[in-house]
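Colleague: 3D model of this:
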Amino acid sequence: MTRLVGLPPVIAPDTRLLVLGSFPGVASLRAQQYYGHPQNQFWKILSALWSVDLVGMGYADRIGTVRERGLGIWDVYGACEREGSLDSAIRHAELNDFAWLRQQCPGLQAVAHNGGESFRHAKHTRALGLPVHQLPSTSPANASWSFERKLAAWHAVFIRYSLA
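Modeller: Numbers count the residues shown, from 1 in each chain. Below you'll find the predicted structure:
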């Protein structure tokens, strides 16, 4: 299997909430864009939370909006081996450096894990001394949650950090 390398973090010194996925899927790696699969609901959820059409924007504008609003995006894994896009296929994963992240984001108030695979590493993010939340995955593989149910769960966390 080929060793895959993830995407750099989308952060700023005033990032208040960091959303951590597991590792970018094939479509995201190919496009070099977070949540690049058209069926992933990440950008649709943010659009609904912020009443902004992020889906219709170019990627650079999406990232600019995310930073302006105090949201950060990254993954728990910086590298791994995997065929396909499923989290269950991840092998020999290497965790990202969360202590480094904390230094880069002095305004960070909390971490939210996007899905179960990411949340499996909550012990590492809790070591930052910040609140840690589990959000329902925005992946198309999480079809058991409706969009409305996901949106409500994300809203409950975002409102706590003045992001909704």
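Colleague: may I have the top helix by length along the chain exported as CSV, CA atoms only?
Modeller: Ordering each helix of the chain by length in residues (DSSP state H) puts helix 147-160 first. Only the C-alpha atoms of helix 147-160 are listed here, as CSV (Å, rounded to 0.1, in the frame of the first residue of the first chain):
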residue,chain,number,x,y,z
PHE,A,147,-29.1,16.1,7.5
GLU,A,148,-31.4,17.8,10.0
ARG,A,149,-30.2,15.6,12.9
LYS,A,150,-26.6,16.3,12.0
LEU,A,151,-27.2,20.0,11.7
ALA,A,152,-28.9,20.1,15.1
ALA,A,153,-25.9,18.3,16.7
TRP,A,154,-23.4,20.6,15.0
HIS,A,155,-25.4,23.7,15.9
ALA,A,156,-25.4,22.7,19.6
VAL,A,157,-21.6,22.7,19.6
PHE,A,158,-21.1,25.7,17.4
ILE,A,159,-23.4,27.9,19.4
ARG,A,160,-21.3,27.3,22.6
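Colleague: and that helix, what's buried?
Modeller: Buried residues in helix 147-160, counted by 16 or more other C-beta atoms under 10 Å: Lys150, Leu151, Ala153, Trp154, Val157, Phe158, Arg160. Bear in mind the C-beta positions are built from the backbone N, C-alpha and C, glycine included.
Colleague: all helices of this structure, in order?
Modeller: Per DSSP H, the chain carries helices over the ranges 26-31, 42-50, 59-68, 98-104, 116-119, 122-126, 147-160.
Colleague: what's the closest of the ones you listed to Asp14?
Modeller: Nearest to Asp14 among these is helix 59-68; the distance by C-beta to C-beta comes to 8.5 Å.
Colleague: residue contacts, the residue lying closest to Ala93 once chain neighbours are set aside?
Modeller: Distances taken as C-beta to C-beta, 6 or more residues apart in numbering put Cys80 closest to Ala93, at 4.0 Å, once the chain neighbours are dropped. For Cys80, the contact set (C-beta atoms under 8 Å, 6 or more residues apart in numbering) comprises Arg3, Leu4, Gly6, Phe23, Ile90, Arg91, His92, Ala93, Glu94.
Colleague: dihedrals phi and psi, the closest residue to Arg30 other than its chain neighbours?
Modeller: Closest residue to Arg30 apart from its sequence neighbours, by C-beta to C-beta, 6+ apart: Gly36 at 7.2 Å. Geometry field for Gly36 lists phi and psi as phi -80, psi -10, criterion degrees, to the nearest 10.
Colleague: thank you kindly, that will do.
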